[in-house]
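*Asks:* Need coordinates for the below:
(one chain, ligands or ions: 2)
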Amino acid sequence: MRVLVTGGAGFVGSHTVVSLIEAGHEPVVVDNFINSDRSVLGRIGKLTGNVPELHEADIRDKDAMTDIARTGFDACMHFAALKAVGESVEKPMLYYDNNVSGTISLVEALLEADVNSFVFSSSCTVYGEPETLPLDESMPIGTATNPYGWTKIMMEQVLRDVQLANPDWSVSLLRYFNPVGAHPSGLLGEDPVGTPNNLMPYVARVAAGILPKLQVFGDDYPTADGTGIRDYIHVVDLAEGHLAALARHAGDAGVHTYNLGTGQGHSVLELVRAYEEVSSRPVAYEITGRRPGDVAASWADVTMATEHLGWMTTRDLHEMCADSWNWQQKAR
Ligand code: NAD
Ligand code: UD1
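*Replies:* Ligands and ions are numbered 1, 2, ... in the order given. Reported below is the predicted structural model:
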């Protein structure tokens, strides 16, 4: 299949492009490199022997997107978005414009070009504060605590309405839990600019001696060791989930919503210990206050993805930390 991949140079997108190529598909990347580097395309080429076609464009540019879409696609995977929660609080209009308006322009271009298979990067953030765990797809969408989260809730709704008006569309809403890790080759991974906001990239820099210590945001949650619990998922498992969703689209119009996680939660301190083990380095930390907006615990019920997609994760926390550490150590 020829697949339009928006945000294909980013963390999750680049790993999915590799999986697409490895499965014999033809991914075509659209990215404006606002949060990624052009060198990713070359590294994908090195890994797969195939440098994907690239269109440097902004998904909000509807004319450009229409021209690209008209070159003919079987499907679109839509990763392009801004994702920094704190920045979204400071610059909400930037987030609504980039993420929501961008998705609208993209969908309009796809409608004009008659591309009706669409895989969307959603997030477990749409559930808001969990009332019961694990989280399953039938639970009502919650209240987001920040504009980034609201953009995901809004984009899901836009896509449900588009599908309703265009019954031949197949849409998968993939609600990621916490993507971490890196490609085992060490050629692709997550390299946040400045101080990382998310746990694993922060821990990686502490282990590498780049940052002095981790602040653990609260040890008074109602969890076994008092620290927050999340469902960390290896980015390669996540990439494979996209291919499973795409395969399921054939002859299966409608909106399909899937949690993509492992179904298991790990605490902050469990992750710290696993990282210390794989890196053989100490990860210094101090307990600080809770981070506003954080939930105590979140993990997925993955029954839907297992049963409907025949997909499940195979990489455990140890492997997530090992691949992250391998990536961290490679000079870029
Ligand atoms: P990322 O920032 O690494 O990748 C996003 C890519 O989209 C980048 O290459 C960026 O340059 C590009 N982009 C952004 N706005 C664009 C625009 N207007 N036009 C063209 N390109 C644009 O992020 P990621 O971690 O790979 O996330 C991919 C998707 O998954 C996003 O939609 C994100 O919200 C979602 N998601 C990510 C996580 C996570 O923790 N990584 C969790 C849940 C959902
Ligand atoms: C992040 C995003 C959320 C997204 C989700 C899924 C933020 C604020 N939220 O949330 O929008 O949907 O990923 O990928 O970025 N922690 C520390 N110290 C740190 C960093 C984190 O103790 O320096 C703790 C947090 O309190 C939490 C856990 O580590 O318990 C994971 O945090 P993080 O990696 O930021 O992910 P989420 O909070 O789940």
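
*Asks:* Get me the contact residues on the stretch 151-300 of the chain for ligand 2.
*Replies:* Neighbours of ligand 2 within the stretch 151-300 of the chain, by CB under 6 Å from any ligand atom: 176, 178-179, 197-199, 202, 214-217, 228, 230, 268, 291, 294. Bear in mind the C-beta positions are built from the backbone N, C-alpha and C, glycine included.

*Asks:* could you flag which of these are buried?
*Replies:* 176, 178-179, 198-199, 202, 214, 216-217, 228, 230, 268 (16 or more other CB atoms under 10 Å).

*Asks:* Return the subset of the residues of the stretch 151-300 of the chain next to ligand 2 lying in helices.
*Replies:* 199, 202, 268 (DSSP state H).

*Asks:* Would you convert the residues you listed into a markdown table that also reports pLDDT and distance to ligand 1?
*Replies:* What follows is those, written out as a markdown table (pLDDT from 0 to 100; distance: CB to the nearest ligand atom, whole Å):
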| residue | pLDDT | distance to ligand 1 |
| --- | --- | --- |
| Leu199 | 97 | 10 |
| Tyr202 | 97 | 13 |
| Val268 | 98 | 16 |
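
*Asks:* Let me know the closest of those to ligand 2.
*Replies:* Taking CB to the nearest ligand atom as the measure, ligand 2 lies nearest Leu199 of those, at 3.7 Å.

*Asks:* Using CSV, write out the CA atom coordinates for the helix or strand bottoming out on mean pLDDT in the chain.
*Replies:* Ranking every helix and strand in the chain by mean pLDDT, DSSP states H and E puts helix 85-90 at the bottom, with a mean of 93. The C-alpha coordinates for helix 85-90 follow below in CSV (Å, rounded to 0.1, in the frame of the first residue of the first chain):
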residue,chain,number,x,y,z
VAL,A,85,1.6,19.7,27.4
GLY,A,86,3.1,22.7,29.2
GLU,A,87,3.6,24.6,26.0
SER,A,88,-0.1,23.9,25.1
VAL,A,89,-1.1,25.7,28.3
GLU,A,90,1.0,28.8,27.4
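
*Asks:* for it, packing partners?
*Replies:* Packing partners of helix 85-90 (3 or more CB pairs under 8 Å, 6 or more residues apart in numbering; DSSP states H and E): helix 92-95, helix 147-165.

*Asks:* of all those, which lies closest to Asn50?
*Replies:* helix 147-165 (29.6 Å; CB to CB).

*Asks:* List the buried residues in that closest one.
*Replies:* For helix 147-165, burial by neighbour count (16+ other CB under 10 Å) applies to 147-156, 159, 162-163.

*Asks:* that older thread, which of the helices and strands packed on helix 85-90 sits closest to ligand 1?
*Replies:* For the helices and strands packed on helix 85-90, distance to ligand 1 was read as CB to the nearest ligand atom. The smallest value, 6.8 Å, belongs to helix 147-165.

*Asks:* What is that closest one packed up against?
*Replies:* helix 85-90, helix 92-95, helix 102-113, strand 117-123, strand 170-176, strand 254-260.

*Asks:* Save those as a markdown table, and put in distance to Ile141 too.
*Replies:* What follows is the helices and strands packed on helix 147-165, written out as a markdown table (distance: least, CB to CB, whole Å):
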| stretch | distance to Ile141 |
| --- | --- |
| helix 85-90 | 17 |
| helix 92-95 | 18 |
| helix 102-113 | 17 |
| strand 117-123 | 10 |
| strand 170-176 | 10 |
| strand 254-260 | 10 |
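
*Asks:* how many other residues sit next to Thr314?
*Replies:* 11 (other CB atoms under 10 Å).

*Asks:* residues in contact with it?
*Replies:* Asp237 (CB atoms under 8 Å, 6 or more residues apart in numbering).
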